[in-house]
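Chemist: Model the structure of this input:
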Amino acid sequence: LVPKSSLISLILILNFSSLVVYSAAYNTFDMIHMFQGDKKTGFTFSDPYVYDGLVFEGIPEYVECMDRLDTYFDNCFGVRVCAVEGTISVDFLTDHVDDFNIRLATDYGDMYQMFVDGKCNVITVYTFDNSELFIRQKHYTGNYTRAINYFTNEPVSVVTRQGDPEFSSFVNWIMRALIAAEEQNITNVTASNFTTTAVFGEEYKNMFVHAIQAVGNYGDIYKKHLEPISPRTSSRMNLLNNGSTGLHYPYPLGQESLDAPNPIEGSKIFEITDGRGNIRCGILERDGFGNLVVHNSTNVTKWQGMDADYCYALSAILFQGDTSKVVFVNVTSEKSGYQALDDGKVDVFDGGRITL
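Modeler: Residues are numbered from 1 along each chain as shown. Below is the predicted model of the structure:
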């Protein structure tokens, strides 16, 4: 995906079954390992499966001011921008505008209400947020617009607990397989044409085929869940890298530590398949990524969205094509998703932002 090194596309197509040997040397964004001192374990992030970006929305004249980060000249002095406390949005704002112009909300619902109540005239949202819908539902009838510029490129990944490299690699290969399938124009109908692998043993030889049969390729998933929210061709991000972009996006490094937890004994792959018999996916309810939908014909509630599809794909490769082995755990925030992972309540958390 853009931004990403152009070399990954070449290796995925020409030498997919042995990419595990070369990935660290050739892939700009290989899996990332992070340890937080206040947690029992560290976290491992998969290759990013989507890039999100910070953008401003609200009353047009003030949104135009924030689009050029102007809070001084003419009417721009009246900008009041709301952001959810504890998020990257707040960090960005404190680096670029005066505290006088910032209003903090406890969560997104609170931020929307503050806007409707006139406590701010601009809000901070992300590429795939359908914020105007929620604001209109709160009976706001005034003018509303989204800015042109995106001020951050935030990679979103599937997160696993650090210390079980086999399981983390297993999860990461789903991302690579679905992206490679799109590059090769392979869909769920033609999934049997995709390569097999011996990396994880004979039992998982057809793991990529099972994943693609279950949910399609990356482009299929994006079109089904995210295209209505943010058309893929409308920005540079989230397109296949054909080698012509030359974009590289380094992750900012946080505080480094030499202390880290001991590795987990035994691979979680075998705990899941031989013991529990299901895969527990932490999922955050968010338009296009995780939506609980009631099917009228069966009256059955089912998770849908990009994050949900990755969980179904993971179930398919672990259980020989069976997508019904997912137990979804609804988390209320990214913070609670990481906590559930740290506490061992989920095996993976879909939707973690890589902020080192």
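Chemist: Show me the shaky parts of this structure.
Modeler: Across the chain, the ranges flagged by pLDDT under 70 are 1-41, 234-236, 244-270, 273-274, 354-356.
Chemist: residue closest to the middle of it?
Modeler: Most central in the chain under Cα atoms, centre = their mean is V156, positioned 2.9 Å from the mean C-alpha point.
Chemist: Now the phi/psi pair for F45, please.
Modeler: For F45, the backbone dihedrals (degrees, to the nearest 10) come out as phi -100, psi 130.
Chemist: For burial, what's the neighbour tally of it?
Modeler: Residues near F45, counting by other Cβ atoms under 10 Å, number 26. For glycine as for every other residue, the C-beta is placed from the backbone atoms N, C-alpha and C.
Chemist: Quickly list what it is bridged to.
Modeler: For F45, the beta-bridge partners are I32, V159 (DSSP bridges).
Chemist: Against T195, how distant is it?
Modeler: As judged by Cβ to Cβ, to the nearest Å, F45 and T195 stand 25 Å apart.
Chemist: cool, C311 as well?
Modeler: From C311 to T195 the distance is 23 Å (Cβ to Cβ).
Chemist: Tell me which of these two has more neighbours.
Modeler: C311 (28 against 17).
Chemist: Wasn't the more buried one part of a helix?
Modeler: Yes: assessed with DSSP: H, G, I helix; E, B strand; the rest coil, C311 lies in a helix.
Chemist: just checking, it touches V348?
Modeler: Yes: counting by Cβ atoms under 8 Å, C311 does reach V348; the two are 7.4 Å apart.
Chemist: intersection of neighbour lists for these two?
Modeler: Taking Cβ atoms under 8 Å, 6 or more residues apart in numbering as the contact rule, C311 and V348 both touch 279, 281.
Chemist: so what does the longest helix anywhere in the chain touch, helix or strand wise?
Modeler: When the chain is parsed with DSSP state H, its longest helix is helix 165-183. Packing partners of helix 165-183 (3 or more Cβ pairs under 8 Å, 6 or more residues apart in numbering; DSSP states H and E): helix 7-14, helix 19-26, strand 154-161, helix 207-215, helix 218-225, helix 268-270, helix 306-318.
Chemist: continuing past the shortest one, what's the next helix or strand?
Modeler: Pointing back at helix 268-270 there. strand 279-284 (DSSP states H and E).
Chemist: and that following strand, what other elements does it pack with?
Modeler: The contact analysis (3+ Cβ pairs under 8 Å, 6+ apart) places strand 279-284 against helix 306-318, strand 326-331, helix 334-342, strand 348-353.
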